[in-house]
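A.B. asks: need coordinates for the below:
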Amino acid sequence: MAENSVTGVDGTYEPVPPPWLSDPLSGLVTGANLPSQRRDELPMVKPDLPDPDDIRAAVEAALEAEEEQSAPPPQTPPQQPPSTTPGLLRQWPAAAAVARGLRATKDRITAAPAERRPAGMRSGMAVVVVIVLVTVVILYFVITSLVNTFSQLFG
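C.D. replies: The predicted model follows:
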């Protein structure tokens, strides 16, 4: 009777593998070479902690340097005395000044639209046009290839 790779001669499964590894490259694996001490009994080296006074001095020096960098400029006295009404703290521009500003902005916008467009925008539009053209050419060749393939298969 032929022996099957899954079942033995008598039709049962193969025997349980032996309790040791048969790999010759694994070496001799025994408990004789293991340390007699447990992991929690191994000597542990404590890390050296920095001195708290050194840390405090470094933090204070960093805070002082930060305060020197972000110190506000000396303040000038206010030009107007503060009023008691909160809405009157800011003086609004005159209507004529606002109208002049709006007219100047309108004249600048309508004067020369071609001159307003920055060079980066023109080059960006050129890149978009090139990408669209390349995409159209690629789609044309893909579609013609599909049509030729289907015509050869079914034609």
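A.B. asks: going by C-alpha atoms from here, please, whenever you check contacts or count neighbours.
C.D. replies: Fine.
A.B. asks: doesn't residue 93 lie inside a helix?
C.D. replies: No. Under DSSP: H, G, I helix; E, B strand; the rest coil, residue 93 falls outside any helix and is assigned coil.
A.B. asks: and it, how far is that from residue 48?
C.D. replies: According to C-alpha to C-alpha, to the nearest Å, residue 93 and residue 48 sit 67 Å apart.
A.B. asks: then residue 146?
C.D. replies: To residue 48, residue 146 is 73 Å away according to C-alpha to C-alpha.
A.B. asks: and these two? Which one has more around it.
C.D. replies: Comparing residue 146 with residue 48 by other C-alpha atoms under 10 Å, the one with more neighbours is residue 146, at 12 against 6.
A.B. asks: and the strands in the chain?
C.D. replies: With strands called from DSSP state E, the chain shows none.
A.B. asks: least confident secondary structure element in it?
C.D. replies: Within the chain, confidence by mean pLDDT, DSSP states H and E is lowest for helix 113-116 among all helices and strands, at a mean of 58.
A.B. asks: helices of the chain, start to end?
C.D. replies: Counting by DSSP state H, the chain has helices at residues 52-69, 95-111, 113-116, 119-154.
A.B. asks: nearest to residue 17, out of these?
C.D. replies: helix 119-154 (57.0 Å; C-alpha to C-alpha).
A.B. asks: flag the shaky bits of this structure, pLDDT-wise.
C.D. replies: 1-9, 18-42, 71-90, 111-120 (pLDDT under 70).
A.B. asks: which residues does residue 150 contact?
C.D. replies: For residue 150, no residue meets the contact criterion (C-alpha atoms under 8 Å, 6 or more residues apart in numbering).
A.B. asks: distance-wise, check it relative to residue 141.
C.D. replies: Distance of residue 150 to residue 141, computed by C-alpha to C-alpha: 14 Å.
A.B. asks: what do you get for residue 60?
C.D. replies: 70 Å.
A.B. asks: kindly report the same for residue 131.
C.D. replies: Taking C-alpha to C-alpha, one finds residue 131 at 16 Å from residue 141.
A.B. asks: likewise for residue 13?
C.D. replies: 60 Å.
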